[in-house]
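Visitor: can you look at this prediction? I've put the sequence above it.
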Amino acid sequence: MSLTLEEVRHVAGLARLSLSAEEETLMRTQLSAILDAVAELSQVDTSTVEPTSHAAGEVAPWRADEVRPSFPPEKALGNAPAKVGTSFAVPRILE
Amino acid sequence: MSVADFQPVIGLEVHAQLLTRSKIFCGCSTEFGAPPNAHTCAVCLGMPGVLPVLNEKVVEYAVRVGRALECRINPVSIWARKNYFYPDLPKGYQISQYDQPLCEHGGLEIDTDEGPKRVRILRIHLEEDAGKNVHDAGGGESLVDLNRSGVPLVEIVSEPDLRSSTEAGEYLKALRDVLVYLGVNDGNLEEGSFRCDANVSVMRKGATQYGQRVELKNINSFRFVQKAIDYEIGRQVELIESGGKVAQETRLFDAVRGETRSMRSKEEAHDYRYFPEPDLPPLCIPAGYVERIERELPELPRAKLHRFIEKYGLPAYDAKILVGDRALADLFEKVQAAYAGPAKKLANWFTGELLRLLKEESSDLGALRFSPDQFAALLKSVDGGELSNNAAKDVFAEMFRTGRAPKDIAQEKGLIQVQDAGAVEAAVDAVLAANPGEVEKYRAGKKQVLGFLVGQVMKAMKGKGNPALVNAALKAKLGD
Amino acid sequence: MEPTELSMLELGRKLGSGELSSVEAVRACLGRVELFDGQVKAFLEVDREGALAQAEAADRRRAAGKRAGPLDGVPVGLKDLFLTEGLPTTAGSRILEGFVAPYDGTVVKLLRAAGTPILGKLNMDEFAMGSSTENSAFFPTRNPWNLETSPGGSSGGSAAAVAARMVFGALGTDTGGSIRQPAALTGTVGLKPTYGRVSRFGVVAFASSLDQVGPMTRDVPDCAALLQTIAAYDPCDSTSAPVKAPDYLADIEGGVKGMKLGLPREYFELPGMDPEVGGAVEAATRALEKLGAELVPVSLPHTRYALATYYLVAPAEASSNLARYDGVRYGLRAGDVANLLAMYGRTRDQGFGLEVKRRVMLGTYALSAGYYDAYYLKAQKVRTLIKQDFVDAFRTVDAVLSPTSPTPAFRIGEKVSDPLAMYLNDVFTLPCNLAGLPGLSVPCGFTRANLPIGLQILGRPWDEARVLRIGRAFEREHDFHRRSPPLRAS
């Protein structure tokens, strides 16, 4: 298989997904299959090709430096799972 | 510890907030000091469905900085996503620039013990700032304020050309001065609008390869820059001398203890997974844009310094103080133009009385109550003998506080010296007549009684006699 | 005649003449929702009160002689990834369960300005990742033509609601075929416009360089009219193009005489294509030939790499777009967590379904250190070649024809545990997203089992008018679009 369990765990860590052992195994199998399938891209000669980083052809204009109304606190924090005053509250971050 | 056997190698990364009214990708205000999350909207909160739109002023300011620092402005530069998770980073990625930044390959001149030195600048790019995490003193929580999320930043990266903490301090000050001169940043290290990280390594003198560099973060004042770097240099040298190896890591400066310590990182070096930002087209600078910005650049601090020294014949020390603040330098030149007298005299007034009063009254040049012409007039009165130097200081202080004309103040306070030859003569005659004994003594050779006689005349004239005239008149009458 | 038998434009005309009221139209829709949605399960949220209020406002405008436009008062539905202020928006995911949008997306604002009452939010594959609506965190939607089968995805709820006449029209989004494929599977019309034609501001993002909003309707003129409402430059979207939209209805009946229509060899040679689909589409191409078009064989040589390209680019962008769902500011937050890291991990593990996790993992991997060049960058380069294929083809033809989907509607449960098999549903639709082109699906036949088949029409950038014209030319000679699914009241 293309992926090791170690690699699956590493990627899950980067993506902040706490996978169960079962999910890890499933991911390993399925992702490996997908990666095998996409490996055929290496056959394509792209030595003289530029990547399509941007889909839109036209360039949109910039915005003027004007202050626009911000959200009132009810809107900014309306969906907050936890808050203290008008701040979002999260479990303590360790430095 | 033989630090002297080692050569420090230092590079600085500065993040400076740009003084635009609104954020880089949305219209929220950038004003500092609002209650938490008062300046947020769907975009800078990273809500589902939002998209960034670039603020044109950000581009203008960045190009100003780029040209002031002699960089090449890339006609096309690319926005990139820097991906990592942190509560103050609402989208889970920062929009920044990675490959193909806006500005490259410039430099900034600083003064060192060996003379002026050009510190090369590798690149300058644009990015958005993150919000702020505050650790809640009470509960086991952290509080997130996203007012700062989306404030525009330029990141200025120097080459590792600095060779001491002093040079690093000079570079930082010079850089700060340029940004403040350009009006794009307020140079406030303490408030966080101007941040500095340092990359420090050491190599044995004569070695051909750089040593392992360490990143220092959390340097919150200009004072700490040198302290932090010196500590780190010492630490690395000690480590190497005792047979250890310098690890590649990020260290925080602990201002309380005056030392750097390793950051407890949850994982190894971040994998930021940079890729071109699909929501923003490449940043294309239109033809003629850079030239227009260049034409509008103000005279920069170094250039002004050199010019002040040459044009006004000022010593470097004085010139540096004047040039340190663009408004101060501008005022100096306005007053000097009206005064047209010895520039050093005026400089002394600036570095002495003016700065003292500004500090005492905690005011700034923007709120100055008197005009350049008034200041010039004051100095002319001193030169012309109308006011003694001390009297002039009194008048100046009043002028500073009220903005009234110096002549009016002097008159009101009775400070104007009497210059009328007749009045002086009359007073001198009177004093000589009243002090025959002293006159005898003087004529007999005791020249020191002149001082007493001058004093008497000044007393009779109620202190308003022009000392020079009084002196001359006395001498003349005494037959000298 | 049942009001819901009318097309959007037909209803619009009757509303204008006063023959019908918008309130009646909304009630008729709500009536069908009551009768059929228990079986079809297209809706995640029905906004009865809101829709009636909007309908009343439309009727008042009409009475005052101040109609907002031809669609003023015509009820529509929205895929649940359009942010609608005050209403829930879930993107089909548990991680946004309970999330109430604090703002209206641009397209929603445009619909409100056009006066179309919004009946509710429609089911979808979670975060638009899927081709069957089975990846919805809530429940699968069923195809009105056969309730055992899928309506396709990810805009399955929108397609089903239109097909079942529970709404007159709907908006969906299309990243790899998510409008066109469900349209084909439900016998409706679906258009993915040129990339940049319609604003993405206020649309939950899946893959930023591929996503586009588009109309889903029962016939082509409706599709044009609904497109007209939303095709506008938006200063809130930096990928929105400052290109003025033409009048899409002006020339829609113009026919195909003299047009050159390309038949890409690689599309018709695909193994795994259902023979009934192939047959119906070939018949459709010949019908267009009879109407005066010239069929021209063309080659799009990099077609075989489209799937791999898409399944690297889209998940990579998605892995970054979905990083914001972290439990900090909105949406689900896992309870009982010891620290921040645990909060992130558990929230996202609980909140995201399997397909989303799979794509986030794949995308993260494709962007990660050491793999970026071989995967993401490589895919973006092959993408350029795929785009170039079309540029070359459009030198000799005006549009490209193909089946929309290789198979008709498949049974629910049939493909969901085999990701690669599921991905194959999009082989014909993906290249169009990669190239940023407009693509239309129109009904062109039925299988013996009475399941719809769709014809896909791809055009040059900004050439929606032509693509619609071709679709209309075919449509008006046939009655596939007028047939109704055999739904029985539950």
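Guide: Done, it's in. Just so we're clear, the structure is a prediction, and the values are computed from it rather than from any experiment.
Visitor: which parts of the stretch 101-250 of chain B sit against chain A?
Guide: Counting by CB under 8 Å from any CB of the partner chain, the positions of the stretch 101-250 of chain B adjacent to chain A are B:Asn133, B:Val134, B:His135, B:Asp136, B:Gly139, B:Gly140, B:Glu141, B:Ser142, B:Leu143, B:Val144, B:Asp145, B:Leu146. No exception for glycine: its C-beta is placed from N, CA and C like everyone else's.
Visitor: can you report phi and psi for the third one?
Guide: Meaning B:His135. phi -80, psi 120 (degrees, to the nearest 10).
Visitor: distance of C:Arg469 from C:Met8?
Guide: Distance of C:Arg469 to C:Met8, computed by CB to CB, to the nearest Å: 18 Å.
Visitor: can you map out the helices along chain A?
Guide: Using DSSP state H, the helices found in chain A span residues A:5-14, A:21-38, A:73-77.
Visitor: which parts of the stretch 101-250 of chain C sit against chain B?
Guide: Checking the stretch 101-250 of chain C against chain B by CB under 8 Å from any CB, the hits are C:101-103, C:105, C:200-205, C:208-209, C:235-239.
Visitor: ramachandran angles for the residue in the stretch 1-150 of chain B that chain C sits nearest to?
Guide: In the stretch 1-150 of chain B, no residue comes nearer to chain C than B:Gly92, which is 2.5 Å away by CB to the nearest CB. Phi and psi for B:Gly92, reported as degrees, to the nearest 10, are phi 80, psi 10.
Visitor: what sits against it?
Guide: B:Gly46, B:Asn83, B:Tyr84, B:Phe85, C:Ser320, C:Leu322, C:Ala323, C:Arg324, C:Asp326 (CB atoms under 8 Å, 6 or more residues apart in numbering or on different chains).
Visitor: filter the residues of the stretch 101-250 of chain C next to chain B down to the buried ones, PyMOL style.
Guide: Buried residues among these (16 or more other CB atoms under 10 Å in any protein chain shown), as a PyMOL selection:
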select buried, chain C and resi 101+102+103+105+200+201+202+203+204+205+208+209+236+237+238+239
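Visitor: quick check: residues of chain B near chain C?
Guide: Within chain B, the positions near chain C by CB under 8 Å from any CB are B:42, B:45-54, B:81, B:83, B:85, B:87, B:90-93, B:142, B:144, B:266, B:271, B:273-275, B:278-281.
Visitor: how far does the lengthiest strand in chain A sit from the chain's center?
Guide: Taking DSSP state E as the criterion, chain A has its longest strand at strand A:87-91. Distance of strand A:87-91 from the chain centroid (CA atoms, centre = their mean, to the nearest Å) equals 22 Å.
Visitor: buried ones in the strand or helix carrying B:Asp394, by neighbour count?
Guide: Under the criterion of DSSP states H and E, B:Asp394 resides in helix B:389-402. Across helix B:389-402, burial judged by 16+ other CB under 10 Å covers B:Ala391, B:Ala392, B:Lys393, B:Val395, B:Phe396, B:Ala397, B:Glu398, B:Met399, B:Phe400.
Visitor: picking up where we left off before, so which of the residues of the stretch 101-250 of chain C next to chain B reach chain A?
Guide: C:Pro102, C:Tyr103, C:Ser209, C:Pro235, C:Asp237, C:Ser238, C:Thr239.
Visitor: local confidence estimate at the closest residue to the first one other than its chain neighbours?
Guide: For C:Pro102, the nearest residue in space outside its immediate sequence neighbours is A:Lys75; the separation is 4.3 Å by CB to CB, 6 or more residues apart in numbering or on different chains. A:Lys75 carries a pLDDT score of 95 in this model.
Visitor: the residue nearest the centre of chain B and C:Asp326, how far apart?
Guide: Central residue of chain B (CA atoms, centre = their mean): B:Asp177, 4.7 Å from the mean position. Separation of B:Asp177 from C:Asp326 (CB to CB): 40 Å.
Visitor: now the strands for chain C?
Guide: C:43-46, C:76-79, C:118-122, C:169-174, C:189-192, C:212-217, C:260-264, C:294-298, C:399-403, C:439-446, C:452-459.
Visitor: ok, for B:Ile285, nearest residue in space, not its chain neighbours?
Guide: B:Ile285 sits nearest to B:Pro75 (CB to CB, 6+ apart), 5.1 Å away.
Visitor: give me the low-pLDDT residue ranges for chain A?
Guide: A:56-58, A:94-95 (pLDDT under 70).
Visitor: run the last query once more with 50
Guide: A:95 (pLDDT under 50).
Visitor: tell me the residue furthest from the middle of it?
Guide: Taking CA atoms, centre = their mean, the residue of chain A most remote from its mean C-alpha position is A:Glu66, at 30.8 Å.
Visitor: now do the contacts for it.
Guide: Neighbouring residues of A:Glu66 by CB under 8 Å, 6+ apart: B:Arg21, B:Ser22, B:Gly27.
Visitor: one more time with 10 Å
Guide: Residues near A:Glu66 by CB atoms under 10 Å, 6 or more residues apart in numbering or on different chains: B:Arg21, B:Ser22, B:Gly27, B:Asn55, B:Lys57.
Visitor: that one and B:Asn185: what is the separation?
Guide: 20 Å.
Visitor: check C:Ala323 too.
Guide: 30 Å.
Visitor: got the phi and psi for the residue nearest to C:Arg346 when sequence neighbours are not counted?
Guide: Once flanking residues are discounted, C:Arg346 sits nearest to C:Ala334: 3.6 Å by CB to CB, 6+ apart. Main-chain dihedrals, C:Ala334, degrees, to the nearest 10: phi -70, psi 140.
Visitor: burial check on C:Ala334, number of neighbours?
Guide: As a burial measure, C:Ala334 scores 18 neighbours (other CB atoms under 10 Å in any protein chain shown).
Visitor: one more: C:Leu288?
Guide: Using other CB under 10 Å, C:Leu288 has 25 neighbouring residues.
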